[in-house]
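Colleague: make a model of this:
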Amino acid sequence: MINAPGILISAPSSGTGKTTVMLGLLRALAEDGLKVQPFKSGPDYIDPAFHRAAAGRPSFNIDTWAMHDGLIGGVSQQSAGADIIVAEGSMGLFDGVATKGECGFGSSAETALTMGWPVILVIDVGGQAQSAAATALGFKAYNPDLPFAGVILNRCASLRHERLTRLGMEKAGVKVLGVLPRRGDLALPERHLGLIQAVEHPDLEAAIAGYAAFLRENVDLVAIKSAAAAGALRQGDLPKPPAQKIAMAQDAAFSFTYPHLVEGWRAAGAEIAPFSPLADESPSPDADLVWLPGGYPELHAGKLAAASQFRAAIRRHAETKPVHGECGGYMALGEALIDKDGHRHQMLGLLGLVTSYEKRKFHLGYRQATLNAPMLGFDTGARLRGHEFHYSTILEEPDTPLAQVGDADGNPVPETGSVKGNVTGTFFHLIAEAKT
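Modeller: Alright, predicted model coming up:
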């Protein structure tokens, strides 16, 4: 079976404008009447929600370090019925880790090769002209097996700047698919973890419509559609649910969920029952499992501390049935959270964890874990793959360690997660179980 034709939008580095290009392209193609399937390469919690808003279809992560072939196959099948696939890379095109994971090192180039998608490179040409061609040529030649469709030149200052930059690209034999003039109003709002969440954007629909109009004026959509290439539809399955009815916290404080997990759970017949801790809602009383995803509890700590109905219901559930939190959800399960101003907020107290944002500490990277106790339907001894990204400092983590946790290279990390009774928590966001 042949999959829809696809392309991957990447860049030499972060901060070149590829997300703006991605969102504008998704919407412009959708406006042309195409069913557009978005994907995200790598472990990103935020971009897929923006993709969904732009394309009108759920976006899914493909991760060659954390995902085995079968899971990548299951994720790829979410493009069924699409006319075209547009994927967004992470960081620079060839950036990954040092030690090979389930299928590779986690770079966007690996995703493109695995799926058969030609690469469009977004290059920020600010401060250079013909020299930008050397960058493009280097990326084109670095891996000759990687299909290279061309470049979109971003932040071009003038018609003269465009002409000089195009001359360099012509000399290097690199196809120019578009030239975007410099515009300061096209940047998406950011905070310390990157972009703000899609649900927090003050006028996301107008922003995406503006990106689409900008892309339509300045890129060759016909050439981009022609550059997309079809690969074979890979076989595989999505993860199975850890319980039949899962109460999932879902609001501005708890929103970081990997779409392939939730889609797999639903496809297997599980019921997902969302509730909002910020609205002081209780999880469904007949839920088999309560799951608190990651997010920004530190921005809403006072409101969470005052949510008495939510707090009482979670504690009742934990007396007899499992509760799991990851990253922000793990912090909320702890004893206390100290915000950036030094104010201490009482959390659920189901675990002894105390975290602080008063003195930030950067935690970033892939995680591999071997469980010391059951978690989310996985047995003791299960080997998991995930990703950690937060700025909190751990002041106390007194409970029994949930897992033996290491980074992508196998070096131990101190953030082991915790288990106490029916309650478990991790700082890493679960992506997949390791291939046995």
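Colleague: show me where the stretch 251-400 of the chain has its helices.
Modeller: Taking DSSP state H, counting those that start in this stretch to define them, one finds helices in the stretch 251-400 of the chain at 259-267, 301-305, 308-320, 328-333.
Colleague: any idea how far the third one is from the middle of the chain?
Modeller: Distance of helix 308-320 from its chain centroid, counting by Cα atoms, centre = their mean, to the nearest Å, is 30 Å.
Colleague: pull that helix out as PDB, backbone CA atoms only.
Modeller: Presented in PDB, the C-alpha positions along helix 308-320 are these (Å, rounded to 0.1, in the frame of the first residue of the first chain):
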ATOM      1  CA  SER A 308     -10.600  21.500  47.200                       C
ATOM      2  CA  GLN A 309     -13.000  19.300  45.300                       C
ATOM      3  CA  PHE A 310     -10.300  18.100  42.900                       C
ATOM      4  CA  ARG A 311      -7.900  17.400  45.700                       C
ATOM      5  CA  ALA A 312     -10.300  15.400  47.800                       C
ATOM      6  CA  ALA A 313     -11.400  13.300  44.800                       C
ATOM      7  CA  ILE A 314      -7.900  12.400  43.800                       C
ATOM      8  CA  ARG A 315      -7.000  11.400  47.300                       C
ATOM      9  CA  ARG A 316     -10.100   9.100  47.500                       C
ATOM     10  CA  HIS A 317      -9.200   7.500  44.100                       C
ATOM     11  CA  ALA A 318      -5.600   6.900  45.300                       C
ATOM     12  CA  GLU A 319      -6.800   4.900  48.200                       C
ATOM     13  CA  THR A 320      -7.800   2.000  46.000                       C
END
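Colleague: from the helices of the stretch 251-400 of the chain, which stretch is densest packed?
Modeller: Between those, the one whose residues have the most neighbours on average, counting mean count of other Cβ atoms under 10 Å, is helix 328-333 (a mean of 30). In short, each C-beta sits where N, CA and C put it, glycine included.
Colleague: by contact count, what packs against that helix?
Modeller: strand 289-292, strand 323-326, strand 423-426 (3 or more Cβ pairs under 8 Å, 6 or more residues apart in numbering; DSSP states H and E).
Colleague: most packed of these?
Modeller: Across the helices and strands packed on helix 328-333, the average number of neighbours (mean count of other Cβ under 10 Å) peaks for strand 323-326, which reaches a mean of 28.
Colleague: now that strand: average pLDDT?
Modeller: Confidence for strand 323-326, expressed as mean pLDDT, is 98.
Colleague: can you list contacts of that strand?
Modeller: Residues outside strand 323-326 that contact it (Cβ atoms under 8 Å, 6 or more residues apart in numbering) are 289-294, 314, 317, 331-333, 350, 375-376, 386, 422-430.
Colleague: what bridges to residue 256?
Modeller: Counting by DSSP bridges, residue 256 is bridged to residue 294.
Colleague: who touches the helix or strand harbouring residue 163?
Modeller: The secondary structure element spanning residue 163 is helix 159-172 (assigned by DSSP states H and E). Taking Cβ under 8 Å, 6+ apart as the criterion, the residues outside helix 159-172 that touch it are 125, 128-134, 136-137, 140, 151, 153, 156, 175-176, 179.
Colleague: again, 7 Å this time
Modeller: 125, 129-133, 136-137, 151, 153, 156, 176, 179 (Cβ atoms under 7 Å, 6 or more residues apart in numbering).
Colleague: okay, it in CSV with CA atoms only?
Modeller: In CSV, the C-alpha atoms belonging to helix 159-172 read as follows (Å, rounded to 0.1, in the frame of the first residue of the first chain):
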residue,chain,number,x,y,z
LEU,A,159,15.0,42.7,-3.4
ARG,A,160,18.7,43.2,-3.8
HIS,A,161,19.3,40.8,-0.9
GLU,A,162,17.0,38.2,-2.5
ARG,A,163,18.8,38.5,-5.9
LEU,A,164,22.3,38.0,-4.4
THR,A,165,21.1,35.1,-2.3
ARG,A,166,19.4,33.4,-5.3
LEU,A,167,22.7,33.8,-7.3
GLY,A,168,24.5,31.8,-4.6
MET,A,169,21.8,29.1,-4.6
GLU,A,170,21.9,28.9,-8.4
LYS,A,171,25.7,28.4,-8.4
ALA,A,172,25.4,25.7,-5.8
